[in-house]
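[1] need a structure here:
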Amino acid sequence: MAVDGKWEIVINSPMGAQKANLDLATNGTALTGTQQAAQGSGPLENGKVDGNAVSWSAKISNPMPLTLDFSGTVDGDKLSGSVKAGVFGSFPFTGNRIA
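    Numbering: from 1, shown residues only. Coordinates of the predicted model:
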């Protein structure tokens, strides 16, 4: 399932809904791209694609430096899954392709 494109995701965290924009591209089983969010922006790391399953890591700087580990599933123009925020646990996220 193609994940290439621009996505808007919402992470349902204890601090409320956290929005981020992703620009994703695949090359075989590798997933690359960038994240833009109020909490921090930058390149994705450790991105992988396996069928319609995707995973990647992204670093944020607010409210503190932290690496978020995402795992999810692509279903057409929808993306959903969970994000692990270190010792703070895991939270669900959902997203839609915007381009």
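[2] contacts, neighbours, all on C-alpha from now
    OK.
[3] Now do stretch 48-65, average pLDDT.
    Taken as a whole, stretch 48-65 has an average pLDDT of 93.
[4] Okay, buried residues for that stretch please.
    Using 16 or more other CA atoms under 10 Å as the test for burial, stretch 48-65 gives 48-49, 53-60.
[5] distance of residue 90 from residue 39?
    The spacing between residue 90 and residue 39, counted by CA to CA, to the nearest Å, is 17 Å.
[6] which residues are in contact with stretch 30-42?
    Contact with stretch 30-42 is made by 19-26, 43-49, 54-56, 58-63, as judged by CA atoms under 8 Å, 6 or more residues apart in numbering.
[7] avg pLDDT for that stretch?
    94.
[8] what about the spatially closest residue to residue 80 that is not a sequence neighbour, neighbour count?
    Distances taken as CA to CA, 6 or more residues apart in numbering place residue 94 nearest to residue 80, at 4.3 Å, with adjacent residues excluded. The tally of other residues near residue 94 (other CA atoms under 10 Å) stands at 17.
[9] now, which of the contacts of stretch 30-42 lie within helices?
    Among the contacts of stretch 30-42, DSSP state H puts none in helices.
[10] what's the closest non-adjacent residue to the residue positioned nearest the centre of the chain?
    In the chain, the residue lying closest to the centroid (CA atoms, centre = their mean) is residue 70, at 5.4 Å. In space, residue 70 comes closest to residue 83 once its chain neighbours are excluded; the distance is 4.3 Å by CA to CA, 6+ apart.
[11] top strand in the chain by residue count?
    strand 16-27 (DSSP state E).
[12] Could I get the buried residue list for stretch 81-93?
    By neighbour count on 16+ other CA under 10 Å, the buried set for stretch 81-93 is 81-84, 90, 92-93.
[13] What of stretch 21-41?
    Those would be 21-26, 31-36, 39-41, for stretch 21-41 by 16+ other CA under 10 Å.
[14] Stretch 6-23 too?
    Within stretch 6-23, the residues that count as buried by 16+ other CA under 10 Å are 6-13, 19-23.
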